[in-house]
Each structure stands twice: as C-alpha cells, then as structure tokens.
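Enquirer: from the sequence below, what's the structure:
(chains A and B)
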Amino acid sequence: MGRYMALDGNSATAEAMRQINPDVLAAYPITPQTSIVQTFSEFVADGLVDTEFITVESEHSAMSACIGASAAGGRVMTATSSAGLAFMWEVLYVAASTRLPIVMPVVNRALSAPINIHCDHSDSMGARDAGWIQLFSENAQEAYDNTIQAVRIAEREEVRLPVMVMSDGFITSHAVERVEIEEDEAVKRFIGPFQPTYPLLDIDNPVTYGPLDFYDFYMEHKKQQAEAIKRAKEMVIEVGEEFGKTFGRPYGLLEGYRLEDAEVAVAVLSSTAGTARGVVDDLRGRGIKAGLLKPRCFRPFPSQEIVEALRDKAVVGVMDRSDSFGALGGPLFMEICAALQVQGVRTRVVDYIFGLGGRDTTPDQIESVFCDLLQIAETDKIERLVNWLGVREGKQEVVTAA
Amino acid sequence: MATALKLKELSKREERLAPGHRLCAGCAAPTIVRQVLLAIDEPVIVATATGCLEVSTTIYPYTAWRIPWIHNAFENAASTLSGIETMYRSLVKQGKMKERDIKFVAFGGDGGTYDIGIQALSGALERGHRLLYICYDNQAYMNTGIQRSGATPHGAWTTTSPAGKVIPGKPQYRKDLTAIVAAHGIPYVAQASPHRWRDLMQKVRKGVAAEGPAFIDVLSSCNRGWRHPTNMTMEVLRLAVDTCFWPLYEVERGEWKLTYRPKEKLPIEEFLKPQGRFRHLFKEENKHIIEELQAEVDRRWEALLKRTGKA
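Expert: Prediction:
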C-alpha cells in the first residue's frame, strides 16, 4: 500500500528517484529543477540511496558523464530545465544514438532571450527530434508515476533509449499536491534490476563505443534507431498497463476526457489539461459537447491513436505552450495536423500559442478557445489558423518606476 | 612486479592499440598512445575526445582498440571518463562488481583540451576523479585542417593564422595549460615528449598510481601541420625540448621538478628551422618575431627554474 503525502512536483520526482536508487546521478542546478537535485543530495548525504552523485560543472558535462556512466554499465539519471537542456543538445543525440537508457526529469521552463524562469515547453520541444522518448506529466502524481515507468520503458531490450519526463515549471514543480507514494519495495520490484548490455566495465570483453561511422553504415544505424523509438510505443502502453495493475493508476499514450461524444475538443499537454478539464465540465453543464485530449507521450508521437480520438470531431483547438518560429504553427499543432491529413481525416484544426514564459492561462481563456471552435463549426470558416492566447497586441507602453 | 621499462621487456607485451589504424605516417599520436598504454600493466578503459586519434582508429566496422574504449564528443572526454570512473566506484561499493585495479585514461588533442574541453577538464580535476588525462598537443586543430588553437605558438602559420602581408602568423602566445592544470592542486601533473619515452612512461606510471586526477601534457608533432618530413618527428620534438620551448617537468603534490635539463639550451631557431609553419619568420621583416619568441621561451624557462628551485 502506498501512502499519501503532501508534496510539490519536484519533491515527488525526487521521491521517485530515491526509490529508483540509480547507480550514478550527474546533475547541475538550474531553476526550476534545482530542488530535485537539492533533495536528492540530502538522500545521498544521509545514506538513503546507494547513488554516487557527480556534481558536474555544467549540464553538458552532466549528460556527458551520464553517457559515460551508462555505457560503463549501470542505471543512470540526471534532471534539468530550459537552458540546461539546450546546453545538453549536442550530447542528447549521443545518448539516444548510443542507445543508452538514461532517465531525465525535465522541469519545463522558457528559453532565453529575454531570460525567464517560468514555464513553457520550448525547452523540451526544442529537443523533440533528439531521439529521446518524451513523456509529459499533468501534475505531481504523474511526474512521480512517469519517472518510475520511464526506467522500465528505457531499459526494455527492444527499446534501449533514454527518456525525458516533463512537468511544468513552478506550476507543477513548486505547487504542493496530494501525491500517493508507493512502497519502496514495490517500486524496486516494478523496475527490476538493471541489465547491462555491452558494459565498458567488462574488461575481458572490450567494446568500442562511438566510432566514426560514414555513409557506408550510418544510415543503417539510424534506421535501427528509428525502429527502436517506434517500438517504444508498445512499451509505453505495456508498462503503463502494468503500472495500473500494480498501483491502480493505469497510463496510456494519451488521455481523453469526455472526448468520445464531443463535437469540439481542445488538445493540450501537461498542467493546462487540468484547467481545461474544469472548463469542459462547465461547458457540458451548459449543454455544449466539449472534450479534452491530453497526449502523454509526445515522442514517439501516437499519430494513429490521436487520429482515432479526433476523427469524428468537428473542430479541434490545439494549445501549444511553445512556438516553432517560422513554421505553420506550434509543434503539437503540426504533429496533429499531419497525423489527420495523412489519414485523410478532414477535422478542422486551429492552433493557440499560450502560456509562454509562465503567462497565466485562465479557465476564461480556455473557454474562449471553445467558443472559437464552436463558431468555426457553425460557420465552417477559420479566421486565424494560429492564435496567440492572452497576448497584448501592438506596441506596449512600458511604465517604469520614477 | 611492474614490467621493467626496458625495450626488451616492453616488446613482449601485447600492444593495446593495434596496428592497421589510419593515422598518418610520421604522426606522433599513436607512438604516444602506445607508450602510455605499455606503461600501464593494469586493465585500462579509455575515453577519447573527437580528433585525429579518434577518427583514425575506429572507422566502423573496425576498431584498433583492444581495450574498452569510448568516444562521446569533442569537449567532454574528461566528463565522460568521470562518469565511467564513478560507475565503477558505485558498482564496487554496492557489491555489484568485483573490485579490480582498473585505470581510467582519457586522450584529447590540444583543441579538445586547451580550448573547447577546458571546462569539462577543470570540473573533472576539481571533483577529484581517479583518472589520467593525456593531452597529445600538436599545437593546432589538425583534424579539421590545421587551424590555430590556444596551444599554437606565437608566429606560427596555420590556416586560420596565415602568414599574411599584414599579419605574419599567430599574433598571440600559447596558453600554458600545464601550469593552469597544476593550479588545480591535483596529485600529479607533468609535461612530456615521446622522444624521451622512458621519462614519459615513468610519468604515466606516477599518474595512474596517484590517488586522484593526473594530467600529462605531451608534445606531439603533426608533420602535415608543422610542415616537416615524416621521418623528422622525433628529432623536431627533441629540438622543442632542447630549446626549452617544451620543458620536461612534473608537479607531484605541489612540488615542481625538472625531469630533464638540456646540457646546452639551444636557440629557438633550431626548433623553428625544420618546420615550414615557421618559414616566414626567417624573412628579414619578421625576424623580430623570432626574437619575441626567444624572449618568451626564456621568460617561461626562467620562471620554471624558479619554481623548481633551479634558478
């Protein structure tokens, strides 16, 4: 039996890490991730974990040390945010392409400039093509649950890929919630022991990691990698089901809320899904057939499942907490549009860029999105394909202190 | 008993870097690597920074490494190796792995060590990992085609410090990385050259025996970049040492010690003359650069003599 605790998202994540008890953790402080490594440092200092903690001098070295440690042959974790993830960019690809099952909580935060410490998804969206599995968490409970599941998914023989577990900076990371923490032994049983493959520390069977790989083999290796992350989809489902059977909280690739019979729906990742759920209930109370789609797994992208979930909707409003500058729209919008298009589904889709740099997103704003969707359904006309939610347009007057 | 540092004994040992790698004829890097690995009797795990050594020894599906080896990226050999060393300690501590006296060795060129990798190196040294970092310093980015680095000497021609009409070669002086590393206060730091192989190998033995990080800066000639015949590699390195351009010394637990002092300190021209990268310095209008170089060599040599108590 688990126990209920009042924890913020970062403490819940740190609890999961304590229970996972990785052999090596290499991490660097960055707001809003810092309290994860701070809490974990206490576990190390108090002997509550066996982990060797490498207090690196940068995130680039954090990921580099994780790569070395993982290739050496053990369970490895780190955690980061924003600029830290951006600084890792080069070696994120090395971790994935070397097929190292590293698990990394990413507490989402805006990228500079201007510098901003609050939540948006531009950091993890910037890393979406790096070859990592990406799981988004709505709240502290999901951050905890996803971190535990990530270990199983990453280490599956069919996968052997690193996993990022996202949670919203400050909104989730620093807000205290009721979280069910499972028993240490139960978590240990669920994740099982680490099974090394080709460990560097096996002195008697030397292996070469990271060779020069040219046009004669590179593409075959990339194809294997592409197939591995595709296979990961089934593993995310399997591990999510098993987690449900073990702990009573099942997980899938995505979650629909009052979606089945909905005419209009909003698709959104992470904590804003919680706010949207309330709006859906409110609209349903007023006889409007509103629904919500919350993708949990962004990489691999569950195209087929999303198409099935949205196939019969009149209009879908995608809410993107980051922009892909110069592209058709935000990353989630583009993925959903592409998935529908290739299946020949004619569902209308519009995009809403929202919540950048931690801008509050209120139920009123989400309701206004639904109002737009209803109007589009009625008129069959889209006035603006990409909308910025809650932004002041035009030149802003800046008032400074006298 | 450690293998005696005698050619007869060493020649019986299996080479850990196999022949058939594709480094250039006359390149000093593989000689250095073989000397380093032959000096260590214990099992070794190697991390290598991006560079000539890495690309020429592991062209997939081949590898010249008979020992566990990893390449991660250009700037992170030190942090990658610190991860491996830490995993070893963690697994042994937890009883998940039998204790073995494994030595952890990194190889990086001057670009990957003096410049882009200095942060990762400094961090790993400060954290105190038990590892030996070998910089094979050929004084430019040779793998990308001879670009100037923080290790390139004053006045040298490279493709990004060309000997132009207005700017004749590299305007700046080289960084003294060995002294920078020594300032970290780690147990063992040294400078070496493969032409004095026994000195180099003794330093490697001290490095891997140290209770903490060790660093050896090894001068390595690249005949493509230095512009000398392929059979002159060891001779040019000897001249670097005998002109006191590249002194051989060690810093053991803070004690600075010369390990070789040339009987006669040769003028810097002796080192410059055989190398095409310095040819332009012998033109009348550039001769002042040779004087500047000599003054800098003298200044650094005098400072080293003071530090080693030999002044």
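
Enquirer: so which bits of the helix of greatest length in chain A are buried?
Expert: In chain A, with assignment by DSSP state H, the single longest helix is helix A:218-247. For helix A:218-247, the neighbour count (16 or more other Cβ atoms under 10 Å in any protein chain shown) marks A:Q225, A:A228, A:I229, A:A232, A:K233, A:M235, A:V236, A:I237, A:V239, A:G240, A:F243, A:F247 as buried. Where C-beta positions appear, they are placed from N, C-alpha and C, glycine not excepted.

Enquirer: could you find the closest non-adjacent residue to residue 55?
Expert: All of this is about chain A. B:R127 (6.7 Å; Cβ to Cβ, 6 or more residues apart in numbering or on different chains).

Enquirer: not quite, go with chain B.
Expert: Excluding its sequence neighbours, the residue lying closest to B:V55 (Cβ to Cβ, 6+ apart) is A:L212, at 4.6 Å.

Enquirer: ok, the host helix or strand of B:I216: who's next to it in the sheet?
Expert: If you go by DSSP states H and E, B:I216 is part of strand B:214-219. Using DSSP bridges, the strands paired with strand B:214-219 are strand B:132-137 (parallel), strand B:188-192 (parallel).

Enquirer: if we can go back for a sec, show me what the longest helix of chain A is packed against.
Expert: helix A:89-97, strand A:133-136, helix A:140-155, helix A:184-191, strand A:297-299 (3 or more Cβ pairs under 8 Å, 6 or more residues apart in numbering or on different chains; DSSP states H and E).

Enquirer: and after the fourth one, which helix or strand comes next?
Expert: Counting by DSSP H and E, the next helix or strand C-terminal to helix A:184-191 is strand A:208-209.

Enquirer: and that next one, how far out from the chain middle?
Expert: Centroid separation for strand A:208-209 versus its chain: 30 Å, with Cα atoms, centre = their mean, to the nearest Å.

Enquirer: which strands or helices does it pack on?
Expert: Judged by 3+ Cβ pairs under 8 Å, 6+ apart, strand A:208-209 is in contact with strand B:69-71.

Enquirer: got the angle between the helix or strand just after the strand it packs on and strand B:132-137?
Expert: The helix or strand immediately downstream of strand B:69-71 is helix B:77-93, counting by DSSP H and E. Helix B:77-93 runs at 160 degrees relative to strand B:132-137, counting by axes from the mean of the first three to the mean of the last three Cα atoms, to 10 degrees.

Enquirer: just the angle between helix B:77-93 and helix A:89-97, please?
Expert: Using the same axes, to 10 degrees: helix B:77-93 against helix A:89-97 is 50 degrees.

Enquirer: tally of neighbours for the residue nearest to A:Y144 when sequence neighbours are not counted?
Expert: Of all residues not flanking A:Y144 in the chain, A:A12 sits nearest, at 4.1 Å (Cβ to Cβ, 6+ apart). Using other Cβ atoms under 10 Å in any protein chain shown, A:A12 has 29 other residues around it.

Enquirer: dump the C-alpha coordinates for the host helix or strand of A:A12 into CSV.
Expert: For A:A12, the host element (DSSP H and E) is helix A:9-20. Backbone C-alpha positions of helix A:9-20 (Å, rounded to 0.1, in the frame of the first residue of the first chain) are rendered in CSV as follows:
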residue,chain,number,x,y,z
GLY,A,9,6.2,18.1,-8.1
ASN,A,10,9.9,18.3,-7.6
SER,A,11,9.7,16.5,-4.2
ALA,A,12,7.5,13.8,-5.8
THR,A,13,10.1,13.4,-8.6
ALA,A,14,12.9,13.3,-6.1
GLU,A,15,11.0,10.6,-4.1
ALA,A,16,10.7,8.5,-7.3
MET,A,17,14.5,8.9,-7.9
ARG,A,18,15.2,7.8,-4.3
GLN,A,19,13.2,4.7,-4.9
ILE,A,20,14.8,4.1,-8.2
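
Enquirer: could you find the closest non-adjacent residue to A:N387?
Expert: Leaving out its chain neighbours, the residue that sits closest to A:N387 by Cβ to Cβ, 6+ apart is A:Y352, at 5.0 Å.

Enquirer: am I right that the one you found is in a strand?
Expert: Yes - counting by DSSP: H, G, I helix; E, B strand; the rest coil, A:Y352 falls inside a strand.

Enquirer: give me the residue from the stretch 101-250 of chain B nearest chain A.
Expert: B:G123 (3.2 Å; Cβ to the nearest Cβ).

Enquirer: and the pLDDT at that residue?
Expert: As predicted, B:G123 sits at a pLDDT of 98.

Enquirer: what's the answer for B:D298, then?
Expert: Reported pLDDT for B:D298: 98.

Enquirer: that one sits in which helix or strand?
Expert: In the assignment (DSSP H and E), B:D298 maps to helix B:287-307.

Enquirer: angle of that helix against strand B:188-192?
Expert: Going by the same axes, to 10 degrees, helix B:287-307 makes 140 degrees with strand B:188-192.

Enquirer: by contact count, what packs against helix B:287-307?
Expert: strand B:255-258, helix B:269-272.

Enquirer: quick one: buried residues of that helix?
Expert: Here helix B:287-307 shows B:I289, B:I290, B:L293, B:Q294, B:E296, B:V297, B:R300, B:W301, B:L304, B:L305, B:R307 as buried, counting by 16+ other Cβ under 10 Å.

Enquirer: stretch B:189-209 too?
Expert: Buried residues in stretch B:189-209, counted by 16+ other Cβ under 10 Å: B:189-197, B:199-208.

Enquirer: before we move on, the earlier item: how far does the helix holding A:A12 sit from its chain's centre?
Expert: Mean-position distance between helix A:9-20 and its chain equals 16 Å (Cα atoms, centre = their mean).

Enquirer: for it, name the packing helices and strands.
Expert: helix A:34-45, strand A:103-108, helix A:140-155, strand A:163-168, strand A:176-181, helix A:184-191.

Enquirer: would you turn the ones you listed into TSV with mean pLDDT?
Expert: Listed next are these as TSV, based on pLDDT from 0 to 100:
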stretch	mean pLDDT
helix A:34-45	98
strand A:103-108	98
helix A:140-155	98
strand A:163-168	98
strand A:176-181	98
helix A:184-191	98
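
Enquirer: residue contacts, B:G185?
Expert: B:G254 (Cβ atoms under 8 Å, 6 or more residues apart in numbering or on different chains).

Enquirer: assumed it was part of a strand.
Expert: No - counting by three-state DSSP, B:G185 is located in no strand; its state is coil.

Enquirer: now it: how far from B:Y249?
Expert: Per Cβ to Cβ, to the nearest Å, B:G185 is found 17 Å from B:Y249.

Enquirer: surely the residue nearest to A:N387 meets A:L385?
Expert: No - contact criterion Cβ atoms under 8 Å: A:Y352 and A:L385 do not qualify, at 10.5 Å.

Enquirer: more neighbours, those two?
Expert: More crowded of A:Y352 and A:L385, by other Cβ under 10 Å: A:Y352, with 28 against 13.
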